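> sequence unknown, structure follows:
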Ligand SMILES: O=C(O)C(=O)C[C@H](O)C(=O)CO
Ligand SMILES: [Zn+2]
């Protein structure tokens with residue numbers, strides 16, 4: 001059972017490399033024919049991975065959540081980062097190709113995951129937050145998502161952001177989820193950095209070569225640390241932390257937030273002079 005408790009920014013200053021990694025890095029989310037889960041106590045975000053190959057996998061973590069079924073008091077976002085797959089929600093089938101997103105609201109009892117082709121299985125990334133009301137289950141195919149271009153060549157951060165679940169998109173209680181794709185030869189994300197003390201955030205880095213790495217930057221602006229991240233590993237970013245990264249090559253990441261509101265532009269920019 002992978003439970004991550006909160007770390008406060010005062011204690012964080014004295015953390016060793018391994019303590020930083022144990023608190024904030026999720027190393028193996030995608031395992032064949034199992035559901036992998038990490039429970040973060042920051043806004044009680046649950047982060048998971050499902051790779052159905054030989055089996056159909058059923059959404060369940062009742063031994064930890066102690067509810068009759070996973071979504072009894074939760075909502076969840078599912079984003080496929082692998083081959084075509086199907087999510088069945090109380091019997092209704094939603095087919096997701098790579099980068100499609102499905103939001104499932106509170107109260108759906110039976111959620112199952114399966115792959116179309118065992119030779120190229122689906123890889124479902126899962127992010128769940130507590131929910132107080134039920135919003136409709138909704139799929140947003142990547143083909144219908146609205147791209148927003150950001151960055152410049154000079155800053156090596158040309159990238160496209162797709163927002164899936166947010167104020168003007170799929171409605172949720174508190175989940176806000178999207179994906180950012182770096183263009184080839186562009187390595188920087190989220191620099192200049194920002195904070196949002198009102199929300200925590202999780203990043204899943206993927207579409208990287210096995211030998212590529214992202215140097216993820218975290219910490220309060222005046223106390224930064226780095227975490228070296230491999231393909232398909234995730235980061236938990238506390239509300240007091242910047243969350244930025246630079247890769248040895250370009251990459252894609254899914255960002256997911258939970259907390260006080262879901263206004264994407266609610267960010268406090270961190271001036272370059274404040275970073276040490
Ligand atoms: O490329 C970026 O910049 C991002 O994707 C930033 C994240 O969306 C984020 O941190 C939102 O709060
Ligand atoms: Zn952010």
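Looks like it came in fine. Keep in mind that what you see is a predicted model, and the values were worked out from it rather than measured. Numbering: from 1, shown residues only. Ligands and ions are numbered 1, 2, ... in the order given.
> Minimum distance to ligand 1, which residue of the stretch 1-150 of the chain gives it?
Ligand 1 sits closest to residue 150 of the stretch 1-150 of the chain, with a gap of 6.3 Å, by CB to the nearest ligand atom. C-beta coordinates here come from the backbone N, C-alpha and C atoms, glycine included.
> Now that residue: closest residue in space, sequence neighbours ignored.
Nearest non-adjacent residue to residue 150, counting by CB to CB, 6 or more residues apart in numbering: residue 159, 5.5 Å away.
> residue contacts, the one you found?
149, 150, 151, 180, 181, 182, 183, 186, 189 (CB atoms under 8 Å, 6 or more residues apart in numbering).
> The first one contacts residue 160, correct?
Yes: taking contacts as CB atoms under 8 Å, residue 149 lies within contact range of residue 160: 5.7 Å.
> More neighbours: which of those two?
For the pair residue 149 and residue 160, the greater number of neighbours falls to residue 160 (16 against 9), based on other CB atoms under 10 Å.
> near ligand 1, which residues of the protein show up?
159, 161, 178, 180, 189, 190, 196, 201, 243, 255, 267 (CB under 6 Å from any ligand atom).
> Correct me if wrong: the second one contacts residue 148.
What it means is residue 161. Yes: Residue 161 is in contact with residue 148 according to CB under 8 Å; the separation is 4.6 Å.
> These two - which one has more neighbours?
Neighbours were counted for residue 161 and for residue 148 using other CB under 10 Å; residue 161 has more, 18 against 13.
> Spell out the secondary structure type for the more buried one.
strand (DSSP: H, G, I helix; E, B strand; the rest coil).
> now swap in residue 64 and tell me
helix.
> Okay, and which of the residues of the chain next to ligand 1 map to helices?
The members of the residues of the chain next to ligand 1 all map outside helices under DSSP state H.
> a markdown table please, covering those residues and showing pLDDT.
Putting those into a markdown table (pLDDT from 0 to 100) gives the following:
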| residue | pLDDT |
| --- | --- |
| 159 | 98 |
| 161 | 98 |
| 178 | 98 |
| 180 | 98 |
| 189 | 98 |
| 190 | 97 |
| 196 | 98 |
| 201 | 98 |
| 243 | 98 |
| 255 | 98 |
| 267 | 97 |
